[in-house]
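**Q** sequence first, predicted coordinates after that:
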Amino acid sequence: MATVAVQGLVKKFGSTLAVDDVTLEFPDGKLTVMVGPSGCGKTTLLRILAGLEEPTRGEVSVANRAVTLVPAWDRNVAMVFQSYALYPHMNVFKNIAFPLEARRVPKAEIKKRVEQTAAILEIDKLLQRYPRELSGGQMQRVAIGRAIVRKPQVFLMDEPLSNLDAQLRVTMRAQLKRLQMDLGVTTIYVTHDQAEAMTMADQIVVMNNGRVQQVSDPVAVYNCPQNMFVAGFIGSPPMNFVEGTLGQDKSRLECRGFEYEFPDAMAAGLARIGANQPLVMGIRPDDILVHDVPTGNAIEGTVYIFEVLGKETLLTVQCPNIQLKACVPTNRRVNLGDKVWLKPAPEGIRIFDAQTKQTLVNGARLSV
Ligand SMILES: Nc1ncnc2c1ncn2[C@@H]1O[C@H](COP(=O)(O)OP(=O)(O)OP(=O)(O)O)[C@@H](O)[C@H]1O
Ligand SMILES: [Mg+2]
């Protein structure tokens, strides 16, 4: 068992609060992805777990052992950095063997473990090569090999794929996910790429400004965001936000320049909100039906930009005082300036408190 836990963790650098009171559990054997924008404290948190940074306050434990004051080398965790940090004068074999040699593991055992590790990562044919003779993806696998050869209790990975080109990232993330499942080692993976987080994670931790915003599995993070930050950060293309106030009879969102009549299915959720309260309505582009004739419960606009994404085309629609994005199938003919009526799907509508930014009504839950 190697559940990793942190309790009341705080890290300050002078006046910068990098990690702000984080309490979290990283389940045993699972892959947890920490995701958030640049500067939100991901690397700092990971370095605290690795023992490379001392917290200002709070506790860290690995497999129920308090390790807050335990030095990095005695924690049985292995970290893979964004820069692979391979030794240029050592061949692949020596690079992978390095942590075992540092621990004076017998030579025969080192040979066996390096060869096993290289076979898992499919770099067994490259053992005699030097880092300068490898591609980015191969170097990345050597860096991972050096971490897994130690058989640590925990892997910590800080944006390990960020130096790779887009196509290789997609291949490597699937391979890493599979490797993690096969090894069953508790893994904490940091990225600012929400797609990487969604595809790889058993558990996602969304962070912003040093604080945890939400901890859930990927489906729940996508379907039931707890606040506007998570709703806007997870999902691509990002969610639209429409500001307004709840009408007196609680059936409409009154916005600048137009009104939106909420679907009946939302009445129960809206009943709990005070009339005239400032709200934000969130709706994902693929939860909007685009009509080319007037229809009820729709927002009128004209096509301002269209971008072909592949199977779908993303429209930017100029509505009164706001631009909204919506998806249509690419085989549908669209012209700039076309008049359209945007109809949000009831189950895709979320309502946020304009002040606290917390979710008040979650469309995905309407049918529950
Ligand atoms: N050694 C340091 N001294 C001073 N400030 C630091 C130090 N390390 C990090 N910070 C600050 O702490 C905050 C969090 O930094 P951190 O590196 O953890 O962010 P991150 O989420 O990993 O960002 P990125 O996605 O850009 O890697 C930032 O404001 C950063 O400037
Ligand atoms: Mg970082």
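**A** Structure's in. What do you need? Ligands and ions are numbered 1, 2, ... in the order given.

**Q** residue 101 is in contact with residue 110, correct?
**A** Yes. Residue 110 is within contact range of residue 101, at 6.6 Å (criterion: Cβ atoms under 8 Å). Backbone N, C-alpha and C define where each C-beta goes, glycine included.

**Q** which one of these two has more residues nearby?
**A** Each of residue 110 and residue 101 has its neighbours counted (other Cβ atoms under 10 Å); residue 110 has more, 20 against 11.

**Q** are we agreed that that one is in a helix?
**A** Yes. Using DSSP: H, G, I helix; E, B strand; the rest coil, the assignment for residue 110 is a helix.

**Q** identify the residues contacting it.
**A** Remark: with contacts taken as Cβ atoms under 8 Å, 6 or more residues apart in numbering, residue 110 is in contact with 97, 100-101.

**Q** and for residue 128?
**A** Residues counted as contacts of residue 128 (Cβ under 8 Å, 6+ apart) are 91-93.

**Q** closest to ligand 1 among those residues?
**A** residue 92 (27.4 Å; Cβ to the nearest ligand atom).

**Q** among the contacts of residue 128, which are in helices?
**A** If you go by DSSP state H, these have 92-93 in helices.

**Q** of the contacts of residue 128, which is the nearest to residue 261?
**A** residue 92 (64.1 Å; Cβ to Cβ).

**Q** which phi and psi does the nearest residue to residue 250 once chain neighbours are set aside have?
**A** Take residue 250 and drop its neighbours on the chain: the residue closest to it by Cβ to Cβ, 6 or more residues apart in numbering is residue 270, 4.8 Å away. Here is the backbone geometry of residue 270 (degrees, to the nearest 10): phi -70, psi -30.

**Q** surely residue 85 forms part of a strand?
**A** No. Per three-state DSSP, residue 85 lies outside any strand segment and is coil.

**Q** wait, it touches residue 142, no?
**A** No. Assessed by Cβ under 8 Å, residue 85 is found out of contact with residue 142, at 10.4 Å.

**Q** what packs against the lengthiest helix in the chain?
**A** Longest helix in the chain by number of residues, with DSSP H as the criterion: helix 166-183. Judged by 3 or more Cβ pairs under 8 Å, 6 or more residues apart in numbering; DSSP states H and E, the packing partners of helix 166-183 are strand 31-35, helix 136-148, helix 194-200.

**Q** ranking these by mean pLDDT, which is last?
**A** Lowest mean pLDDT within the helices and strands packed on helix 166-183: helix 136-148, at a mean of 88.

**Q** could I get the pLDDT score of the residue of the stretch 101-250 of the chain at minimum distance from ligand 1?
**A** Nearest residue of the stretch 101-250 of the chain to ligand 1 (Cβ to the nearest ligand atom) works out as residue 192 at 4.5 Å. pLDDT, residue 192: 91.

**Q** tell me which residues touch it, please.
**A** Neighbouring residues of residue 192 by Cβ under 8 Å, 6+ apart: 35-38, 42, 159.

**Q** farthest pair within the residues you listed?
**A** Among these, the pair separated by the greatest distance (Cβ to Cβ) is 37 and 159, at 12.8 Å.

**Q** quick one, which of those two is more surrounded?
**A** More crowded of residue 37 and residue 159, by other Cβ under 10 Å: residue 159, with 19 against 13.

**Q** please verify my assumption that that one contacts residue 190.
**A** Yes. At 5.9 Å, residue 159 counts as touching residue 190 under the criterion of Cβ under 8 Å.

**Q** so residue 20 versus residue 69, what's the distance?
**A** To residue 69, residue 20 is 21 Å away according to Cβ to Cβ, to the nearest Å.

**Q** those two: who's more crowded?
**A** residue 20 (17 against 9).

**Q** for the spatially closest residue to residue 158 that is not a sequence neighbour, what are phi and psi?
**A** Distances taken as Cβ to Cβ, 6+ apart put residue 190 closest to residue 158, at 4.8 Å, once the chain neighbours are dropped. With angles defined as degrees, to the nearest 10, residue 190 sits at phi -110, psi 130.

**Q** bridging residues for residue 190?
**A** Here residue 190 sits in beta bridges with residue 34, residue 158, going by DSSP bridges.

**Q** residues near it, how many?
**A** Residue 190 has 24 nearby residues by other Cβ under 10 Å.

**Q** show me the contacts for it.
**A** The contact partners of residue 190, by Cβ under 8 Å, 6+ apart, come to 33-35, 42-43, 46, 156-159.

**Q** dump those residues to JSON lines, plus distance to residue 6.
**A** What follows is the contacts of residue 190, written out as JSON lines (distance: Cβ to Cβ, whole Å):
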{"residue": "33", "distance to residue 6": "16"}
{"residue": "34", "distance to residue 6": "11"}
{"residue": "35", "distance to residue 6": "17"}
{"residue": "42", "distance to residue 6": "13"}
{"residue": "43", "distance to residue 6": "15"}
{"residue": "46", "distance to residue 6": "11"}
{"residue": "156", "distance to residue 6": "13"}
{"residue": "157", "distance to residue 6": "17"}
{"residue": "158", "distance to residue 6": "16"}
{"residue": "159", "distance to residue 6": "20"}
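
**Q** farthest pair in these?
**A** Across these, the longest distance by Cβ to Cβ is 14.8 Å; it joins 35 and 156.
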